[in-house]
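K.L.:
3D model of this:
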Amino acid sequence: MKKTPFYKRLLAGLLRDERGLTLVELIASSLIFFTILIPLVSVYVKGVEIYQETTVKNQLRSDTDFLIGNVMRTIQEASYVKLAPETATERQDPANEQVKSIIAASFPAFQESNAASSCRIYLYKRSVKRSEEAVPDEEATSTGNRTVSLLTRETYSFAPCPQAEGSGASCEHVPFPTDPDRYLVQGYFEIDQPAGDSSGKKRVTLYLVVAQRYDTMTLPFSQEDRRDHELFADWDAVASAVAQNSEQAQYVRVVRTEIDLSSEQKG
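P.N.:
Numbers count the residues shown, from 1 in each chain. Next comes the predicted model:
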């Protein structure tokens, strides 16, 4: 007669055993289970938090780079560029001083030159059109019209247009495209001519501050979502986070970029 292997006899014995577990055995097994589970859950939660933070910071970097590219294209398409003088409203706006302090914290050279900077910039564009007015024969073309050269000027800024909705007043400037529901954005421009360059070419230096208003919240959102996910309500909060180098400061990006105006025309 063939003998049953030991492990099969042991397994059969265990299956027939109806005694169950004692309280001590149950507590010991539960303790071992949670000792293994709790660190695993902690690692998983921490991994999710790191992923969310990385996603937000990558989105901030990507959107900032997109905005810089848009500014560069807008400026380089102009025929002539000039700084717009600071208005009385801008001088009295505390937010502008907060932004200047944030820029100076990252780029000390800005503190020395911010008197020659502005948050608004004039962009001049040349265009040509046909005039339908009667002109002397010696100036007329084959169609009886003449070509008129125009130079138009627009003011660009990062701040929203200050006009009230429905007021009918014209906007004081053209705002660069930003998402006010996601970001606080402000920038300052400087214009200089590279040393040793006698060609008259200019270079625009842009100091840009972009602060993520909310962390992982996605649109659309409720007022409760805003409260739970808000990082920065205003520039005071941004300046405070940067000055204290708090955890929220990682959601603020301060960049400096130079834009060469190789196509700028004189006059």
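K.L.:
buried set for stretch 106-123?
P.N.:
Neighbour counts over stretch 106-123 (16 or more other Cβ atoms under 10 Å) mark 110, 117-123 as buried. (Glycine included, C-beta is placed from N, CA and C.)
K.L.:
output that stretch as PDB, restricted to C-alpha atoms.
P.N.:
The C-alpha coordinates for stretch 106-123 follow below in PDB (Å, rounded to 0.1, in the frame of the first residue of the first chain):
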ATOM      1  CA  SER A 106      15.800  86.400  -7.900                       C
ATOM      2  CA  PHE A 107      17.700  89.000 -10.000                       C
ATOM      3  CA  PRO A 108      19.400  91.600  -7.900                       C
ATOM      4  CA  ALA A 109      20.500  93.600 -11.000                       C
ATOM      5  CA  PHE A 110      16.800  94.500 -11.600                       C
ATOM      6  CA  GLN A 111      16.800  96.500  -8.300                       C
ATOM      7  CA  GLU A 112      19.500  98.800  -9.800                       C
ATOM      8  CA  SER A 113      17.800  99.200 -13.100                       C
ATOM      9  CA  ASN A 114      14.000  99.100 -12.400                       C
ATOM     10  CA  ALA A 115      13.800 102.900 -12.700                       C
ATOM     11  CA  ALA A 116      14.300 102.300 -16.500                       C
ATOM     12  CA  SER A 117      11.700  99.500 -16.600                       C
ATOM     13  CA  SER A 118       8.000  99.400 -17.300                       C
ATOM     14  CA  CYS A 119       5.200  96.900 -17.000                       C
ATOM     15  CA  ARG A 120       3.800  98.200 -20.300                       C
ATOM     16  CA  ILE A 121       5.400  98.500 -23.700                       C
ATOM     17  CA  TYR A 122       4.600 100.400 -26.900                       C
ATOM     18  CA  LEU A 123       4.600  98.300 -30.100                       C
END
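K.L.:
now it: how far from the chain's centre is it?
P.N.:
With Cα atoms, centre = their mean, to the nearest Å as the basis, stretch 106-123 stands 19 Å off its chain's centre.
K.L.:
mind listing the helices for the stretch 1-150 of the chain?
P.N.:
6-16, 23-76, 88-92, 94-106, 108-113 (DSSP state H, counting those that start in this stretch).
K.L.:
rank the ones you listed by pLDDT, which is bottom?
P.N.:
Mean pLDDT per stretch puts helix 6-16 lowest among the helices of the stretch 1-150 of the chain, at a mean of 65.
K.L.:
looking at the helices of the stretch 1-150 of the chain, which is closest to Leu208?
P.N.:
Ranking the helices of the stretch 1-150 of the chain by proximity to Leu208 (Cβ to Cβ) places helix 23-76 first, at 6.5 Å.
K.L.:
which neighbouring elements make contact with that closest one?
P.N.:
With contacts taken as 3 or more Cβ pairs under 8 Å, 6 or more residues apart in numbering; DSSP states H and E, helix 23-76 sits against strand 120-131, strand 183-192, strand 202-212, strand 252-261.
K.L.:
could those go into TSV alongside distance to Thr155 and mean pLDDT?
P.N.:
Putting the helices and strands packed on helix 23-76 into TSV (distance: least, Cβ to Cβ, whole Å; pLDDT from 0 to 100) gives the following:
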stretch	distance to Thr155	mean pLDDT
strand 120-131	5	81
strand 183-192	11	91
strand 202-212	15	91
strand 252-261	17	91
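K.L.:
distance to Ala104 added to those strands, as JSON lines?
P.N.:
Output for those, formatted as JSON lines (distance: least, Cβ to Cβ, whole Å):
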{"stretch": "strand 120-131", "distance to Ala104": "19"}
{"stretch": "strand 183-192", "distance to Ala104": "10"}
{"stretch": "strand 202-212", "distance to Ala104": "9"}
{"stretch": "strand 252-261", "distance to Ala104": "10"}
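K.L.:
ok, now which ones touch the residue lying closest to Thr55 once chain neighbours are set aside?
P.N.:
Closest residue in space to Thr55, ignoring its immediate chain neighbours: Thr216 at 7.4 Å, by Cβ to Cβ, 6 or more residues apart in numbering. Contacts for Thr216 (Cβ atoms under 8 Å, 6 or more residues apart in numbering) come out as 52, 55-56, 229.
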